[in-house]
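Colleague: Give me the fold of what follows.
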Amino acid sequence: MNTYLHQKFNTSISKFLTHNSIQSLLIAISGGQDSLCLIKLLETFRKYHNKLLKITYIYVDHQWKKDSYHQIKHLINIIKNYESQIIIYQLKNITKSEVEARKYRYQIIIQYANLYNYSTILTGHTKTDKIETFWQQILRGTSLDGITSLKEYRKLKNKIYIYRPLLKFDRQEIYWFCRKFYLSIWSDITNYEYKITRNRLRHELIPYIYRYFTQNAESKICQFINISNLDNEYIKQNAIKLYLISRHTTNIALNYKFICQQHQALQIKTLQIFFFTTLTYA
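Modeller: Here you go, the predicted structure:
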């Protein structure tokens, strides 16, 4: 069990755990190939490299599928084989909105992490998810924040971090890994519902671009996202400096004349910081 994916994963997770002194992880999973790959890599890592690492899995069932009950049983059986713990939540208010479902899912996972003192949440997002998120955000008319929103490491409120260890793996690598170790992937029929925007992007738009424009579009988009992230971080740092300089010492106010002298990008970002820190509203 020493594939190149194991090596790449073990290097990144070891560095992450050591640097942040983490002994417990909360893993958000589904029954798809990305989650099963993450489970396999984590359990192998714990078995051979860190036996004291505490791992808890959490699954949120949106009840979109008729066979959701059987999928839950399938996941429980997989986790039982590793002698790990799995937490299941079922949403009563069924929503077909991808945005709303994601919002509810993250609320539940973060609340659980807060309640049981997990400082880090792991997800199975991959490089392919990063590309799909990029296209979704572009079509929504996003900013640099939106383009670069899916990062490997991100801090949330209440000192909780989200870590995505598979973000450097593409879907073909993970598919190969699942085939090699005969992982029992649960086929999710909602992945083929074209009412869901991400599915239409995944099955129609992105393959069309790869076929008729450029075959290495994925690497070029990733390069663009990385460059955009550097630009965005530079603007953020300067906006923070501008905010600290221009805010009033006693009142909830900013130095309007001084801010108006700055570039418009800094003005917008400074106001965002001001509203967020003052009203706790992003």
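
Colleague: May I have stretch 227-240 as PDB, with CA atoms only?
Modeller: Taking Å, rounded to 0.1, in the frame of the first residue of the first chain, the C-alpha atoms of stretch 227-240 are listed here in PDB:
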ATOM      1  CA  ILE A 227      -1.800  33.700  -9.700                       C
ATOM      2  CA  SER A 228      -5.200  35.200  -8.800                       C
ATOM      3  CA  ASN A 229      -4.700  34.000  -5.200                       C
ATOM      4  CA  LEU A 230      -1.400  35.800  -4.900                       C
ATOM      5  CA  ASP A 231      -2.900  39.000  -6.300                       C
ATOM      6  CA  ASN A 232      -5.900  38.700  -4.000                       C
ATOM      7  CA  GLU A 233      -3.700  38.100  -0.900                       C
ATOM      8  CA  TYR A 234      -1.600  41.200  -1.800                       C
ATOM      9  CA  ILE A 235      -4.700  43.400  -2.100                       C
ATOM     10  CA  LYS A 236      -6.000  41.900   1.200                       C
ATOM     11  CA  GLN A 237      -2.800  42.700   3.100                       C
ATOM     12  CA  ASN A 238      -2.700  46.300   1.800                       C
ATOM     13  CA  ALA A 239      -6.400  46.700   2.600                       C
ATOM     14  CA  ILE A 240      -5.900  45.600   6.200                       C
END
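
Colleague: Let me see the domain layout of this protein.
Modeller: Structurally, the chain divides into domains by automatic domain parsing as follows: 4-212, 218-279.

Colleague: Name the SS class of Thr277, please.
Modeller: Per DSSP: H, G, I helix; E, B strand; the rest coil, the local secondary structure of Thr277 is helix.

Colleague: Chain neighbours aside, what residue packs nearest to Phe64?
Modeller: Let me fix one detail, which is that residue 64 is Trp and not Phe. Thr190 (5.1 Å; C-beta to C-beta, 6 or more residues apart in numbering). Any C-beta I mention is one placed from the backbone N, CA and C, and that applies to glycine too.

Colleague: Wait, a helix at the one you found?
Modeller: Yes. Assessed with three-state DSSP, Thr190 lies in a helix.

Colleague: show me the contacts for it.
Modeller: Contacts were defined as C-beta atoms under 8 Å, 6 or more residues apart in numbering; by that measure Thr190 touches 64-65, 196, 199.

Colleague: hmm, which of these are the buried ones?
Modeller: Buried subset of those (neighbour count, 16 or more other C-beta atoms under 10 Å): 64, 196, 199.
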